[in-house]
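*Asks:* sequence? don't have it. structure:
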């Protein structure tokens, strides 16, 4: 069953994405509409368009991946923080899609503040600002839950062999997925260049090297993510093993798993097992 915080965050993510896309489609032509090919508030527009586009799209994709990982791992008590993450990630992806289509973000909402130059932004920017503000507030007010969670495990591996194996598999799936998409993109790029009579191999080589670097970096992130996710499985299995050993030695304690653990049904299994052994001994 979907957890409440996860569901709310994903809903806000898609709401931000859809509202931004529909609004921009309706404002494609307007007096205040212009394409921002730079970064925040139009800065660094002198950079090569290809560098800006590739950098921001790659960072946007990575941020969305990190977003999904965070809302999966964060405590259920951090409902508002997850909502802020949903708005921030939705806004980021909205601008990434905009750049992929137009080569820049479509800005059309003017804002004039005293003593500051005029600013033009878009709905995705607004979602990012609101999301970032919520996150900043919650990082301060919920610091104990975020940075010093009492009901969460540390990063020490519980079952190193199995967890590292899982992380390698998780990373391998990410690499295979990236390579399939990369081959498709490389083939499409090659055919496109050939159709416009560009025979130089430089763009293809540059794309291949950049994509390979991004793939390797993403694989490393996936490996680390696999280790984090494996804690949710290795932890409860280890706890259940220790519980059975203690139960057999006469320690009839209660099994209590941590928040976010997989196999929560083991608590019921442990209770039934303890009850059965208690009746048998009596």
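*Replies:* Right, received. Where do you want to start? Just so we're clear, the structure is a prediction, and the values are computed from it rather than from any experiment. Numbering: from 1, shown residues only.
*Asks:* and the helix or strand harbouring residue 234, what other elements does it pack with?
*Replies:* Using DSSP states H and E, residue 234 sits in helix 202-248. Helix 202-248 is packed against helix 49-73, helix 160-195, helix 266-281, with contacts defined by 3 or more Cβ pairs under 8 Å, 6 or more residues apart in numbering; DSSP states H and E. No exception for glycine: its C-beta is placed from N, CA and C like everyone else's.
*Asks:* and these, which is most packed in?
*Replies:* Most buried of the helices and strands packed on helix 202-248, by mean neighbour count (mean count of other Cβ atoms under 10 Å): helix 49-73, with a mean of 16.
*Asks:* run the chain-centre distance for whatever helix or strand comes next after that one.
*Replies:* Next in sequence after helix 49-73, counting helices and strands by DSSP H and E, comes helix 79-102. Here helix 79-102 is found 11 Å from its chain centre; the criterion is Cα atoms, centre = their mean, to the nearest Å.
*Asks:* about what we covered before: what is the mean pLDDT for the helix holding residue 234?
*Replies:* Average pLDDT, helix 202-248: 85.
*Asks:* same check on stretch 10-29?
*Replies:* Taken as a whole, stretch 10-29 has an average pLDDT of 85.
*Asks:* circling back to that earlier point, same list (the helices and strands packed on helix 202-248) but as TSV, adding distance to residue 4 and mean pLDDT.
*Replies:* Shown next, in TSV, are these (distance: least, Cβ to Cβ, whole Å; pLDDT from 0 to 100):
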stretch	distance to residue 4	mean pLDDT
helix 49-73	11	72
helix 160-195	26	87
helix 266-281	20	84
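*Asks:* next, format the ones you listed as CSV and append distance to residue 124.
*Replies:* Output for the helices and strands packed on helix 202-248, formatted as CSV (distance: least, Cβ to Cβ, whole Å):
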stretch, distance to residue 124
helix 49-73, 10
helix 160-195, 24
helix 266-281, 43
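*Asks:* for residue 137, which of the ones you listed is the nearest?
*Replies:* Among these, the nearest to residue 137 by Cβ to Cβ is helix 49-73 (16.4 Å).
*Asks:* what angle sits between the helix holding residue 234 and helix 266-281?
*Replies:* 20 degrees (axes from the mean of the first three to the mean of the last three Cα atoms, to 10 degrees).
*Asks:* helix 202-248 vs helix 160-195, what angle?
*Replies:* Interaxial angle, helix 202-248 versus helix 160-195 (the same axes, to 10 degrees): 160 degrees.
*Asks:* and the chain, what are its domains?
*Replies:* Listed by automatic domain parsing, the domain ranges of the chain are 1-150, 151-282.
*Asks:* pick the most buried one from those.
*Replies:* domain 1-150 (a mean of 16).
*Asks:* quick one: it to chain centroid distance?
*Replies:* How far domain 1-150 lies from its chain's middle: 12 Å, per Cα atoms, centre = their mean.
*Asks:* and residue 35, what is it in contact with?
*Replies:* Residues in contact with residue 35, defined by Cβ atoms under 8 Å, 6 or more residues apart in numbering, are 102-107.
*Asks:* how much space separates it from residue 68?
*Replies:* Distance, residue 35 to residue 68, using Cβ to Cβ, to the nearest Å: 29 Å.
*Asks:* what's in contact with stretch 61-71?
*Replies:* Contacts with stretch 61-71, where a contact means Cβ under 8 Å, 6+ apart, come from 5-6, 9-10, 13, 82, 85-86, 88-89, 92-93, 96, 218, 221, 225, 228-229.
*Asks:* circling back to that earlier point, quick one: distance of the helix holding residue 234 to the chain centre.
*Replies:* Put simply, helix 202-248 sits 14 Å off its chain's centre (Cα atoms, centre = their mean).
*Asks:* repeat that for stretch 241-251.
*Replies:* In terms of Cα atoms, centre = their mean, the centre of stretch 241-251 is found 39 Å from the chain centre.
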